[in-house]
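Engineer: heads up, no residue letters with this:
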């Protein structure tokens, strides 16, 4: 994998770097392609915390054989009810299972008006916006969430209990990129805390507690201790909703249960993902797009306001033109990752 | 309406007080009953901000003829798609429209696995938990949201743009009351800020800005100025999702649009409500209830943690036994409300 003369990479080069690394470590072609595509999209959009930074975790989970790099979710999509699908990811990573499920969810939602899917026996380690954006590109409203390993204390306690529990929401806009929200239920995404720790930067107050349950701004201490939900009891309630949908509803592991059976190899635990989609053509009338765009334009014209996801879209354009910068230290780490014999 | 000797009311007495007042001011029997029932449930559960406190607003909207107290949503339920319903509330208050819609949404969700309803041309002035709780009592997971009048500044701005935009989520528990979350997207519910202003109490920092866009803890100044979303940009994103579902999706007014056509009589503007329900029997397996209860029990056993809605359920038991206290000043206000000739 050659770095070009400006010290930057194309999306294709990021893909190749990730694909080769995954392939060398137990992923078959299809899984390596789906994951590498996800990583390359994250890097293109400037989401460093879900890009190449995740490769060591993917590799660890493959090498420990916790995750099956050759998992085949293809034949496992089943219809649980007229508007409900289920995919058993068969112990693989999420990207391929979601690729398989996506056209079925889109087609069902277009017909029924609203539909949902539970993805079980899956290891989700990627950016959630990347999962909902394609649904909005297909003209649907989409919402997804997934639990993880206990890292966030419910408001009032100092015990890690909730996962960072991201929730993503995508809104389609005809002729424009969808508006996509992707936010952790933690005050800060764990990936961002990890990046801050790596870069030796403080995190704001309110992000977490140390191992004694005391507030700290040291990201390393937060990672050892516990993170806090965003927005006090209201954010804590959002984290709880994510657990109930992504675990309780679909019959997968709550974050506390995921930890009990995880081998702590640094990769993602077995868990579940809840995703739903809505066909806006079947709720109001055909003016929904123009009506909503007027509203969104008013919003982004307010002083100091930026629509969610705009920085990502700007990064996408900029990085496509000028190349994607990757820190040398991260490149060294990736290049030093082992290969299976 | 007689107050009993301990200075408290029964739920039935609260109902009668509200029913009589609404009926004297233009509600027909069915609308007065549905609203009074909602108010009485709020008082029983100790939710003063959605109880009798709202009566002057209901009455103002009836007297200005903004809201039709004799609206008949009955014949207006229509199926927009196999899993999507729509109710035109015909310019009435929400409670009767929701009573009409509820059995249809329950029945459709039980069959389809997931279903949603858009309620349009409605004036929503009541507690949102009261709308989702009956769905969970029927064994369904439920989510609802509604926009309002612009009162909350998107993060980064000081312009009222979002409504307080409540979102409610209900989770069914066999043999137990459902777990119900009901939270405004504002740092504090507008009703609570109004109660604080009435009682001469400060609100915490971060709740709002004064008319100059400066932080203040004076609830009266916040009511004149602007409230802030909970949890910074993440809460602001939740408020945005509520606008898009309760207005953009279903074809009703965004909060900023609702203001443009509202007559500022103090009652609720015309708007929309989005509600969806999920049948948990059609996602995982039959163990979802036991599995989730184990999780919720672990959660409430953590030091310092209380499940959402528990205070309300405790109030319900306590107030049923000991009576519901109502402030004399509020009683005086209600008793001084006019009657239509």
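Structural biologist: Everything's here; your move. Everything quoted here is computed from the prediction, not taken from an experiment.

Engineer: For the stretch 201-341 of chain A, which segments are assigned as strands?
Structural biologist: Counting by DSSP state E, counting those that start in this stretch, the stretch 201-341 of chain A has strands at residues A:208-209, A:226-227, A:271-278, A:324-325.

Engineer: Got phi/psi on the closest residue to residue A:258 other than its chain neighbours?
Structural biologist: Nearest residue to residue A:258 in three dimensions, chain neighbours excluded: residue A:269, at 3.9 Å (Cβ to Cβ, 6 or more residues apart in numbering or on different chains). C-beta here means a position set from N, CA and C on the backbone, and glycine is covered the same way. With angles defined as degrees, to the nearest 10, residue A:269 sits at phi -80, psi 170.

Engineer: what's the neighbour count on residue A:269?
Structural biologist: Burial of residue A:269 is recorded as 25 neighbouring residues (other Cβ atoms under 10 Å in any protein chain shown).

Engineer: Who are the contact partners of it?
Structural biologist: A:123, A:148, A:149, A:253, A:258, A:259, A:261, A:262 (Cβ atoms under 8 Å, 6 or more residues apart in numbering or on different chains).

Engineer: Out of these, name the ones that lie in helices.
Structural biologist: Mapping the contacts of residue A:269 onto helices (DSSP state H) picks out A:258, A:259, A:261.

Engineer: Out of those, grab the one that's most surrounded.
Structural biologist: Of the ones in helices among the contacts of residue A:269, with other Cβ under 10 Å as the count, residue A:258 tops at 22 neighbours.

Engineer: I'd say that one and residue A:151 touch.
Structural biologist: No - Residue A:258 sits out of contact with residue A:151 when judged by Cβ atoms under 8 Å, with a separation of 10.9 Å.

Engineer: shared neighbours, the two?
Structural biologist: residue A:163.

Engineer: Touching, residue A:104 and residue A:85? I think so.
Structural biologist: Yes - Residue A:104 lies in contact with residue A:85 (Cβ under 8 Å); the separation is 5.9 Å.

Engineer: the more surrounded of those two?
Structural biologist: Between residue A:104 and residue A:85, counted using other Cβ under 10 Å, the more crowded position is residue A:85 (22 against 16).

Engineer: Beta-bridge partners for the closest residue in space to the more buried one that isn't next to it in sequence, please?
Structural biologist: Spatial nearest neighbour of residue A:85, chain neighbours left out: residue A:117 (4.2 Å); criterion: Cβ to Cβ, 6+ apart. For residue A:117, the beta-bridge partners are residue A:85, residue A:275 (DSSP bridges).

Engineer: Kindly report the same for the one 5 residues further on.
Structural biologist: Bridge pairing for residue A:122 (DSSP bridges) gives the partners residue A:92, residue A:271.

Engineer: What of residue A:324?
Structural biologist: Assigned bridge partners for residue A:324, using DSSP bridges, are residue A:9.

Engineer: what about it, how many neighbours?
Structural biologist: Neighbour tally, residue A:324, other Cβ under 10 Å: 22.

Engineer: same thing with residue A:201?
Structural biologist: 12.

Engineer: Contact partners for it?
Structural biologist: With Cβ under 8 Å, 6+ apart, residue A:201 has these contacts: residue A:219.

Engineer: how much space is there between the closest residue to residue A:22 other than its chain neighbours and residue A:268?
Structural biologist: Distance criterion Cβ to Cβ, 6+ apart; nearest residue to residue A:22, sequence neighbours excluded, is residue A:32 at 4.1 Å. Taken as Cβ to Cβ, to the nearest Å, the spacing of residue A:32 relative to residue A:268 amounts to 16 Å.

Engineer: Could you do residue A:117 as well?
Structural biologist: From residue A:117 to residue A:268 the distance is 19 Å (Cβ to Cβ).

Engineer: Of the two, give the one with the bigger neighbour count.
Structural biologist: Neighbours of residue A:117 and residue A:268, each counted by other Cβ under 10 Å, are more numerous for residue A:117; the result is 28 against 25.

Engineer: hang on, the earlier thing: and the contacts of residue A:269 as CSV, adding pLDDT?
Structural biologist: What follows is these, written out as CSV (pLDDT from 0 to 100):
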residue, pLDDT
A:123, 96
A:148, 92
A:149, 92
A:253, 96
A:258, 94
A:259, 94
A:261, 92
A:262, 94
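
Engineer: how about these in a markdown table, adding distance to residue B:164?
Structural biologist: What follows is the contacts of residue A:269, written out as a markdown table (distance: Cβ to Cβ, whole Å):
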| residue | distance to residue B:164 |
| --- | --- |
| A:123 | 39 |
| A:148 | 31 |
| A:149 | 34 |
| A:253 | 35 |
| A:258 | 35 |
| A:259 | 37 |
| A:261 | 42 |
| A:262 | 40 |
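
Engineer: Chain B: which of those is nearest?
Structural biologist: Distance to chain B, by Cβ to the nearest Cβ, is smallest for residue A:253 among the contacts of residue A:269, at 9.6 Å.

Engineer: give me every residue that touches residue A:190.
Structural biologist: A:148, A:151, A:164, A:184, A:223, A:227.

Engineer: Show me which residues of the stretch 101-250 of chain A are close to chain B?
Structural biologist: A:111-116, A:118, A:120, A:141, A:154-159, A:161, A:169, A:171, A:181, A:183, A:230-235, A:237-238, A:240-241, A:243-245, A:247-250 (Cβ under 8 Å from any Cβ of the partner chain).

Engineer: Out of those, which sit inside helices?
Structural biologist: Using DSSP H, these in helices are A:111, A:112, A:232, A:233, A:234, A:235, A:237, A:238, A:240, A:241, A:243.

Engineer: Nearest to residue A:320 among the contacts of residue A:190?
Structural biologist: residue A:184 (26.4 Å; Cβ to Cβ).

Engineer: That closest one reaches residue A:151, doesn't it?
Structural biologist: No - in this structure residue A:184 lies outside contact range of residue A:151 using Cβ under 8 Å: 9.7 Å.

Engineer: ok, the two, which is more surrounded?
Structural biologist: Set side by side, residue A:184 and residue A:151 show more neighbours around residue A:184, with 29 against 23, by other Cβ under 10 Å.

Engineer: Now do the more buried one, the pLDDT please.
Structural biologist: Residue A:184 carries a pLDDT value of 93.

Engineer: show me what contacts it?
Structural biologist: Applying Cβ under 8 Å, 6+ apart, the residues near residue A:184 are A:164, A:165, A:166, A:190, A:230.

Engineer: how would you label the second one: helix, strand or coil?
Structural biologist: Counting by DSSP: H, G, I helix; E, B strand; the rest coil, the backbone at residue A:165 sits in coil.

Engineer: related to what we said a few turns ago, so can I have JSON lines of the contacts of residue A:184 showing pLDDT?
Structural biologist: Listed next are those as JSON lines, based on pLDDT from 0 to 100:
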{"residue": "A:164", "pLDDT": "92"}
{"residue": "A:165", "pLDDT": "95"}
{"residue": "A:166", "pLDDT": "95"}
{"residue": "A:190", "pLDDT": "76"}
{"residue": "A:230", "pLDDT": "95"}
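
Engineer: how close does the residue lying farthest from the centre of chain A get to residue B:250?
Structural biologist: Of all residues in chain A, residue A:285 sits farthest from the chain's C-alpha centroid, using Cα atoms, centre = their mean; the distance is 32.1 Å. According to Cβ to Cβ, residue A:285 stands 10 Å off from residue B:250.

Engineer: Same question for residue A:265.
Structural biologist: 46 Å.

Engineer: All the strands of the stretch 51-200 of chain A, residue numbers only.
Structural biologist: Under DSSP E, counting those that start in this stretch, the stretch 51-200 of chain A gives strands at A:77-81, A:84-93, A:114-123, A:141-146, A:167-173, A:176-183.
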